[in-house]
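A.B. asks: Sequence and predicted structure are below.
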Amino acid sequence: MISTVALAIKEFTWKKWKKLSFTNSSEVTIRNSELIPTSEHRKYGTFTNIPVRRNVTYKLGDLVADQLFEQWENTIGDGLTKTRYGNSNPIAGSWDGTIYPEAKPERLRYALWFTELFFLVDDKADTMTAHEAHMTLNKEFEKLFAIENENIRLHHDSSAMEKLTIPFLRDILSFDKKRALPILREWQHWLQNVDSKTIDHFKTIEEYILYRTINIGIRPCDPTMRFVMELDVTDDEVKLVDPILWHVCATIALTNDYWSWHKEALHAGPGEQMKIMNGITVLMKERNIAAPEALEMLKELACEYEKKVVNMCAHTLSKYPHASSDFHAYIQGQLWLVAGNDYWSSTCRRYHTGRLYT
(Lines give C-alpha, C1' and ligand atoms only; values in the text may rest on other atoms or scores of the structure.)
Protein backbone atom coordinates (compact mmCIF):
# COMPACT_ATOMS: atom_id res chain seq x y z
CA MET A 1 0.00 0.00 0.00
CA ILE A 2 1.34 3.44 -0.88
CA SER A 3 1.91 5.67 2.13
CA THR A 4 0.26 9.07 2.45
CA VAL A 5 2.28 12.07 1.43
CA ALA A 6 4.38 13.27 4.37
CA LEU A 7 1.37 12.86 6.67
CA ALA A 8 0.33 10.14 9.07
CA ILE A 9 -3.16 8.93 8.22
CA LYS A 10 -4.90 7.64 11.33
CA GLU A 11 -6.63 4.29 11.22
CA PHE A 12 -10.06 4.76 9.73
CA THR A 13 -13.09 2.51 9.78
CA TRP A 14 -16.01 2.95 7.43
CA LYS A 15 -18.27 1.43 10.07
CA LYS A 16 -17.49 4.36 12.34
CA TRP A 17 -17.88 6.82 9.48
CA LYS A 18 -21.34 5.57 8.54
CA LYS A 19 -22.56 6.33 12.05
CA LEU A 20 -21.72 10.02 11.66
CA SER A 21 -25.08 11.62 11.04
CA PHE A 22 -23.69 14.74 9.36
CA THR A 23 -22.30 12.77 6.44
CA ASN A 24 -25.84 11.78 5.56
CA SER A 25 -26.88 15.42 5.88
CA SER A 26 -29.34 14.95 8.76
CA GLU A 27 -27.88 18.02 10.49
CA VAL A 28 -27.92 20.07 7.28
CA THR A 29 -31.24 21.17 5.85
CA ILE A 30 -31.64 19.78 2.34
CA ARG A 31 -33.59 22.04 -0.01
CA ASN A 32 -32.00 22.04 -3.43
CA SER A 33 -30.57 18.58 -4.14
CA GLU A 34 -31.29 14.93 -4.71
CA LEU A 35 -29.29 11.89 -3.60
CA ILE A 36 -27.62 9.89 -6.39
CA PRO A 37 -27.85 6.20 -5.45
CA THR A 38 -24.46 4.57 -4.97
CA SER A 39 -25.44 1.84 -7.46
CA GLU A 40 -26.00 4.55 -10.07
CA HIS A 41 -22.62 6.27 -9.88
CA ARG A 42 -20.66 3.05 -9.25
CA LYS A 43 -21.65 1.99 -12.79
CA TYR A 44 -19.12 4.51 -14.03
CA GLY A 45 -16.28 3.45 -11.74
CA THR A 46 -16.52 6.06 -9.00
CA PHE A 47 -14.53 5.28 -5.88
CA THR A 48 -15.76 7.92 -3.44
CA ASN A 49 -17.38 6.60 -0.27
CA ILE A 50 -19.07 9.91 0.50
CA PRO A 51 -22.78 10.22 -0.44
CA VAL A 52 -23.19 11.97 -3.78
CA ARG A 53 -25.89 14.58 -4.25
CA ARG A 54 -26.86 16.73 -7.25
CA ASN A 55 -28.48 20.14 -7.44
CA VAL A 56 -31.99 20.01 -8.88
CA THR A 57 -31.11 22.81 -11.34
CA TYR A 58 -27.98 21.04 -12.65
CA LYS A 59 -29.14 21.43 -16.27
CA LEU A 60 -28.63 25.18 -15.93
CA GLY A 61 -24.99 24.47 -16.79
CA ASP A 62 -25.74 23.94 -20.48
CA LEU A 63 -27.49 27.30 -20.72
CA VAL A 64 -24.65 29.17 -19.02
CA ALA A 65 -22.11 27.36 -21.21
CA ASP A 66 -23.96 28.27 -24.40
CA GLN A 67 -24.08 31.92 -23.37
CA LEU A 68 -20.41 32.06 -22.40
CA PHE A 69 -19.30 30.20 -25.53
CA GLU A 70 -21.14 32.78 -27.63
CA GLN A 71 -19.54 35.63 -25.67
CA TRP A 72 -16.09 34.01 -26.02
CA GLU A 73 -16.40 33.70 -29.79
CA ASN A 74 -17.79 37.24 -30.12
CA THR A 75 -14.84 38.69 -28.19
CA ILE A 76 -11.88 36.28 -28.40
CA GLY A 77 -12.96 34.66 -31.68
CA ASP A 78 -10.37 31.86 -31.73
CA GLY A 79 -12.76 28.96 -32.45
CA LEU A 80 -11.76 27.25 -29.19
CA THR A 81 -15.32 26.54 -28.09
CA LYS A 82 -15.95 24.43 -31.18
CA THR A 83 -13.32 21.82 -30.33
CA ARG A 84 -13.30 21.60 -26.50
CA TYR A 85 -15.59 20.21 -23.83
CA GLY A 86 -15.96 22.11 -20.57
CA ASN A 87 -18.72 21.51 -18.06
CA SER A 88 -20.79 19.38 -20.43
CA ASN A 89 -21.92 16.07 -18.92
CA PRO A 90 -25.18 14.44 -20.08
CA ILE A 91 -24.95 11.80 -17.33
CA ALA A 92 -24.03 13.64 -14.13
CA GLY A 93 -24.95 17.15 -15.20
CA SER A 94 -22.72 20.16 -14.60
CA TRP A 95 -19.66 19.95 -12.36
CA ASP A 96 -21.05 22.76 -10.21
CA GLY A 97 -24.35 20.94 -9.83
CA THR A 98 -22.54 17.96 -8.32
CA ILE A 99 -19.96 19.74 -6.14
CA TYR A 100 -22.41 22.40 -4.89
CA PRO A 101 -25.59 20.33 -4.51
CA GLU A 102 -27.13 22.75 -2.02
CA ALA A 103 -26.41 25.86 -4.07
CA LYS A 104 -29.28 28.31 -4.26
CA PRO A 105 -30.53 28.34 -7.88
CA GLU A 106 -30.23 32.11 -8.25
CA ARG A 107 -26.57 31.88 -7.18
CA LEU A 108 -25.48 28.73 -9.01
CA ARG A 109 -25.23 30.54 -12.35
CA TYR A 110 -22.27 32.57 -11.05
CA ALA A 111 -20.35 29.44 -10.10
CA LEU A 112 -21.14 27.90 -13.48
CA TRP A 113 -19.73 30.93 -15.28
CA PHE A 114 -16.44 30.78 -13.36
CA THR A 115 -16.07 27.06 -14.05
CA GLU A 116 -16.78 27.36 -17.76
CA LEU A 117 -14.48 30.36 -18.11
CA PHE A 118 -11.54 28.64 -16.46
CA PHE A 119 -12.07 25.45 -18.44
CA LEU A 120 -11.67 27.67 -21.50
CA VAL A 121 -8.62 29.39 -20.00
CA ASP A 122 -7.12 25.96 -19.27
CA ASP A 123 -7.80 24.82 -22.83
CA LYS A 124 -6.37 28.05 -24.22
CA ALA A 125 -3.22 27.50 -22.15
CA ASP A 126 -2.88 24.06 -23.75
CA THR A 127 -2.26 25.80 -27.08
CA MET A 128 0.79 27.57 -25.58
CA THR A 129 3.96 26.56 -23.81
CA ALA A 130 3.71 26.64 -20.01
CA HIS A 131 5.92 29.73 -19.93
CA GLU A 132 3.82 31.56 -22.54
CA ALA A 133 0.59 30.75 -20.70
CA HIS A 134 1.99 31.80 -17.34
CA MET A 135 3.47 35.09 -18.58
CA THR A 136 0.73 36.24 -20.97
CA LEU A 137 -2.71 34.63 -20.69
CA ASN A 138 -2.65 34.11 -16.92
CA LYS A 139 -1.14 37.53 -16.23
CA GLU A 140 -3.92 39.28 -18.14
CA PHE A 141 -6.66 37.46 -16.24
CA GLU A 142 -4.85 37.98 -12.93
CA LYS A 143 -4.94 41.73 -13.55
CA LEU A 144 -8.67 41.60 -14.28
CA PHE A 145 -9.43 39.64 -11.11
CA ALA A 146 -7.75 42.30 -8.98
CA ILE A 147 -10.99 44.28 -9.31
CA GLU A 148 -12.23 45.64 -5.96
CA ASN A 149 -15.57 47.23 -6.81
CA GLU A 150 -18.44 47.08 -9.24
CA ASN A 151 -17.81 50.54 -10.73
CA ILE A 152 -15.20 49.42 -13.25
CA ARG A 153 -16.17 50.33 -16.81
CA LEU A 154 -15.25 49.24 -20.30
CA HIS A 155 -13.57 51.71 -22.65
CA HIS A 156 -13.20 51.93 -26.41
CA ASP A 157 -9.69 50.45 -26.14
CA SER A 158 -10.61 47.66 -23.72
CA SER A 159 -9.05 44.30 -24.60
CA ALA A 160 -11.05 41.29 -25.73
CA MET A 161 -10.49 39.64 -22.33
CA GLU A 162 -11.79 42.76 -20.58
CA LYS A 163 -14.89 42.84 -22.77
CA LEU A 164 -15.55 39.20 -21.93
CA THR A 165 -14.89 39.38 -18.20
CA ILE A 166 -15.69 42.81 -16.78
CA PRO A 167 -19.49 42.72 -17.26
CA PHE A 168 -19.66 39.47 -15.28
CA LEU A 169 -17.35 40.72 -12.52
CA ARG A 170 -19.44 43.88 -12.23
CA ASP A 171 -22.57 41.74 -11.98
CA ILE A 172 -21.33 39.39 -9.24
CA LEU A 173 -19.90 42.24 -7.17
CA SER A 174 -23.21 44.08 -7.37
CA PHE A 175 -25.06 40.92 -6.37
CA ASP A 176 -23.04 39.97 -3.27
CA LYS A 177 -19.76 41.82 -2.92
CA LYS A 178 -18.92 40.45 0.54
CA ARG A 179 -18.96 36.85 -0.65
CA ALA A 180 -17.70 37.54 -4.19
CA LEU A 181 -14.39 39.22 -3.33
CA PRO A 182 -12.87 36.13 -1.64
CA ILE A 183 -13.64 34.15 -4.83
CA LEU A 184 -11.78 36.68 -6.98
CA ARG A 185 -8.80 36.69 -4.59
CA GLU A 186 -8.52 32.89 -4.77
CA TRP A 187 -8.68 32.92 -8.56
CA GLN A 188 -5.95 35.57 -8.56
CA HIS A 189 -3.77 33.29 -6.45
CA TRP A 190 -4.41 30.40 -8.84
CA LEU A 191 -3.51 32.51 -11.87
CA GLN A 192 -0.24 33.50 -10.19
CA ASN A 193 0.75 29.85 -9.76
CA VAL A 194 -0.81 27.79 -12.56
CA ASP A 195 1.59 26.83 -15.35
CA SER A 196 4.52 28.05 -13.23
CA LYS A 197 6.11 24.57 -13.29
CA THR A 198 6.21 21.66 -15.70
CA ILE A 199 5.89 17.97 -14.85
CA ASP A 200 9.68 17.51 -15.21
CA HIS A 201 10.19 19.64 -12.11
CA PHE A 202 8.95 16.90 -9.77
CA LYS A 203 11.04 13.96 -8.68
CA THR A 204 8.63 12.59 -6.04
CA ILE A 205 4.88 12.32 -5.63
CA GLU A 206 5.25 14.34 -2.40
CA GLU A 207 6.70 17.31 -4.28
CA TYR A 208 4.07 17.00 -6.97
CA ILE A 209 1.08 17.01 -4.60
CA LEU A 210 2.34 20.08 -2.75
CA TYR A 211 2.26 21.97 -6.06
CA ARG A 212 -0.82 20.27 -7.51
CA THR A 213 -3.04 21.29 -4.57
CA ILE A 214 -2.56 24.88 -5.78
CA ASN A 215 -2.34 24.21 -9.51
CA ILE A 216 -5.58 22.18 -9.64
CA GLY A 217 -7.70 25.31 -9.07
CA ILE A 218 -9.91 23.94 -6.28
CA ARG A 219 -9.20 26.51 -3.58
CA PRO A 220 -11.59 29.00 -5.25
CA CYS A 221 -14.35 26.41 -4.75
CA ASP A 222 -14.29 27.08 -1.01
CA PRO A 223 -15.41 30.74 -1.16
CA THR A 224 -17.63 29.85 -4.13
CA MET A 225 -19.38 27.28 -1.95
CA ARG A 226 -19.98 29.92 0.72
CA PHE A 227 -21.31 32.21 -2.01
CA VAL A 228 -23.72 29.77 -3.66
CA MET A 229 -25.02 28.43 -0.33
CA GLU A 230 -25.15 31.99 1.09
CA LEU A 231 -23.31 30.89 4.22
CA ASP A 232 -22.29 33.20 7.04
CA VAL A 233 -19.11 31.88 8.60
CA THR A 234 -16.46 33.88 10.43
CA ASP A 235 -12.86 34.41 9.32
CA ASP A 236 -11.78 32.22 12.24
CA GLU A 237 -14.07 29.43 11.06
CA VAL A 238 -12.64 29.69 7.55
CA LYS A 239 -9.12 29.39 8.99
CA LEU A 240 -10.24 26.41 11.05
CA VAL A 241 -11.39 24.61 7.91
CA ASP A 242 -8.29 25.46 5.86
CA PRO A 243 -6.39 22.22 6.74
CA ILE A 244 -9.46 20.26 5.66
CA LEU A 245 -9.56 22.23 2.42
CA TRP A 246 -5.92 21.36 1.71
CA HIS A 247 -6.79 17.67 1.89
CA VAL A 248 -9.89 18.26 -0.23
CA CYS A 249 -7.65 19.86 -2.87
CA ALA A 250 -5.21 16.93 -2.71
CA THR A 251 -8.05 14.40 -3.03
CA ILE A 252 -9.59 16.18 -5.99
CA ALA A 253 -6.20 16.70 -7.65
CA LEU A 254 -5.44 12.99 -7.51
CA THR A 255 -8.98 12.09 -8.58
CA ASN A 256 -8.67 14.47 -11.51
CA ASP A 257 -5.36 12.88 -12.49
CA TYR A 258 -6.95 9.44 -12.35
CA TRP A 259 -9.88 10.28 -14.61
CA SER A 260 -7.99 12.55 -17.03
CA TRP A 261 -5.01 10.23 -17.50
CA HIS A 262 -6.17 8.52 -20.68
CA LYS A 263 -6.98 11.84 -22.33
CA GLU A 264 -3.62 13.32 -21.31
CA ALA A 265 -1.68 10.23 -22.35
CA LEU A 266 -3.39 10.34 -25.74
CA HIS A 267 -3.04 14.05 -26.45
CA ALA A 268 0.12 15.16 -24.63
CA GLY A 269 3.71 14.72 -25.64
CA PRO A 270 5.95 15.49 -28.63
CA GLY A 271 3.98 16.96 -31.49
CA GLU A 272 0.87 17.42 -29.36
CA GLN A 273 -0.48 20.70 -27.98
CA MET A 274 -1.64 19.47 -24.56
CA LYS A 275 0.83 19.70 -21.68
CA ILE A 276 0.78 16.77 -19.31
CA MET A 277 0.39 17.49 -15.58
CA ASN A 278 -0.40 14.20 -13.90
CA GLY A 279 0.75 12.31 -10.84
CA ILE A 280 0.79 9.06 -12.79
CA THR A 281 3.76 10.30 -14.79
CA VAL A 282 5.56 11.18 -11.54
CA LEU A 283 4.83 7.76 -10.01
CA MET A 284 6.01 5.97 -13.14
CA LYS A 285 9.36 7.74 -12.98
CA GLU A 286 9.79 7.65 -9.21
CA ARG A 287 8.80 4.00 -8.74
CA ASN A 288 9.97 2.73 -12.15
CA ILE A 289 6.57 1.19 -12.86
CA ALA A 290 4.22 1.00 -15.84
CA ALA A 291 1.17 3.20 -16.28
CA PRO A 292 -1.50 0.65 -15.19
CA GLU A 293 0.24 0.06 -11.85
CA ALA A 294 0.77 3.78 -11.33
CA LEU A 295 -2.90 4.39 -12.11
CA GLU A 296 -4.05 2.02 -9.37
CA MET A 297 -1.47 3.39 -6.95
CA LEU A 298 -2.72 6.91 -7.53
CA LYS A 299 -6.35 5.82 -7.05
CA GLU A 300 -5.42 4.22 -3.73
CA LEU A 301 -3.70 7.41 -2.65
CA ALA A 302 -6.78 9.47 -3.58
CA CYS A 303 -8.91 7.16 -1.41
CA GLU A 304 -6.54 7.60 1.53
CA TYR A 305 -6.79 11.36 1.22
CA GLU A 306 -10.57 11.14 1.11
CA LYS A 307 -10.54 9.14 4.35
CA LYS A 308 -8.44 11.87 5.91
CA VAL A 309 -10.96 14.51 4.78
CA VAL A 310 -13.84 12.59 6.36
CA ASN A 311 -11.89 12.05 9.59
CA MET A 312 -11.01 15.73 9.82
CA CYS A 313 -14.60 16.82 9.19
CA ALA A 314 -15.89 14.42 11.85
CA HIS A 315 -13.26 15.58 14.34
CA THR A 316 -14.04 19.26 13.72
CA LEU A 317 -17.78 18.82 14.19
CA SER A 318 -17.31 16.74 17.34
CA LYS A 319 -15.03 19.45 18.71
CA TYR A 320 -17.53 22.24 17.91
CA PRO A 321 -20.95 20.61 18.35
CA HIS A 322 -22.67 23.92 19.13
CA ALA A 323 -21.34 25.83 16.17
CA SER A 324 -23.80 27.55 13.85
CA SER A 325 -25.85 25.63 11.29
CA ASP A 326 -23.95 27.53 8.58
CA PHE A 327 -20.66 26.21 9.94
CA HIS A 328 -22.06 22.67 9.92
CA ALA A 329 -23.18 23.19 6.31
CA TYR A 330 -19.72 24.55 5.47
CA ILE A 331 -18.11 21.35 6.79
CA GLN A 332 -20.63 19.21 4.89
CA GLY A 333 -19.83 21.20 1.79
CA GLN A 334 -16.19 20.07 1.93
CA LEU A 335 -17.38 16.47 1.61
CA TRP A 336 -19.72 17.32 -1.26
CA LEU A 337 -16.81 18.86 -3.16
CA VAL A 338 -14.95 15.55 -3.05
CA ALA A 339 -17.91 13.27 -3.79
CA GLY A 340 -19.40 15.39 -6.57
CA ASN A 341 -16.08 15.80 -8.34
CA ASP A 342 -15.56 12.04 -8.53
CA TYR A 343 -19.03 11.48 -10.01
CA TRP A 344 -18.68 14.25 -12.57
CA SER A 345 -15.12 13.28 -13.51
CA SER A 346 -16.13 9.67 -14.06
CA THR A 347 -18.73 10.65 -16.66
CA CYS A 348 -17.80 13.99 -18.27
CA ARG A 349 -17.25 14.54 -21.99
CA ARG A 350 -14.02 16.36 -21.15
CA TYR A 351 -12.31 13.10 -20.13
CA HIS A 352 -14.39 10.37 -21.73
CA THR A 353 -15.17 11.31 -25.34
CA GLY A 354 -14.53 8.09 -27.21
CA ARG A 355 -15.30 5.93 -24.18
CA LEU A 356 -18.76 7.04 -22.97
CA TYR A 357 -19.49 9.35 -25.89
CA THR A 358 -18.92 9.09 -29.61
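C.D. replies: Perfect, I can see it now. Numbering: from 1, shown residues only.

A.B. asks: Identify the residue spatially nearest to S345, adjacent ones excluded.
C.D. replies: Distances taken as CB to CB, 6 or more residues apart in numbering put W259 closest to S345, at 4.0 Å, once the chain neighbours are dropped. Yep, even glycine has a C-beta here, placed from its N, CA and C like the rest.

A.B. asks: Please tell me how far that neighbour sits from R170.
C.D. replies: Plainly put, W259 is 35 Å away from R170 if you go by CB to CB, to the nearest Å.

A.B. asks: For the two, work out which one has more neighbours and name it.
C.D. replies: With other CB atoms under 10 Å as the criterion, W259 and R170 differ in neighbour count, and W259 comes out ahead with 22 against 17.

A.B. asks: tell me how far the helix or strand hosting the more buried one is from the chain's mean position?
C.D. replies: Assessed by DSSP states H and E, W259 sits inside helix 235-267. In terms of CA atoms, centre = their mean, to the nearest Å, the centre of helix 235-267 is found 7 Å from the chain centre.

A.B. asks: could you give the angle of the helix or strand following that helix to helix 235-267?
C.D. replies: Helices and strands here follow DSSP H and E; after helix 235-267, the next one along the chain is helix 279-287. Computed by axes from the mean of the first three to the mean of the last three CA atoms, to 10 degrees, the angle separating helix 279-287 from helix 235-267 equals 80 degrees.

A.B. asks: List the contacts of helix 279-287.
C.D. replies: Around helix 279-287, the neighbours that count as contacts under CB atoms under 8 Å, 6 or more residues apart in numbering are 199, 202-205, 208-209, 212, 253-254, 257-258, 261, 289-291, 293-295, 297-298, 301.

A.B. asks: Tell me the spacing between E230 and I183.
C.D. replies: For E230, the distance to I183 - CB to CB - is 13 Å.

A.B. asks: do A92 as well
C.D. replies: Separation of A92 from I183 (CB to CB) stands at 23 Å.

A.B. asks: likewise L298?
C.D. replies: Counting by CB to CB, the gap from L298 to I183 is 29 Å.

A.B. asks: go on, S346?
C.D. replies: For S346, the distance to I183 (CB to CB) stands at 26 Å.

A.B. asks: any weak-confidence spans in the protein?
C.D. replies: With pLDDT under 70 as the threshold, the chain has low-confidence stretches at 1-27, 268-274.

A.B. asks: residues touching W95, list them.
C.D. replies: Going by CB under 8 Å, 6+ apart, W95 touches 61, 87, 89, 115, 340-341, 344, 348.
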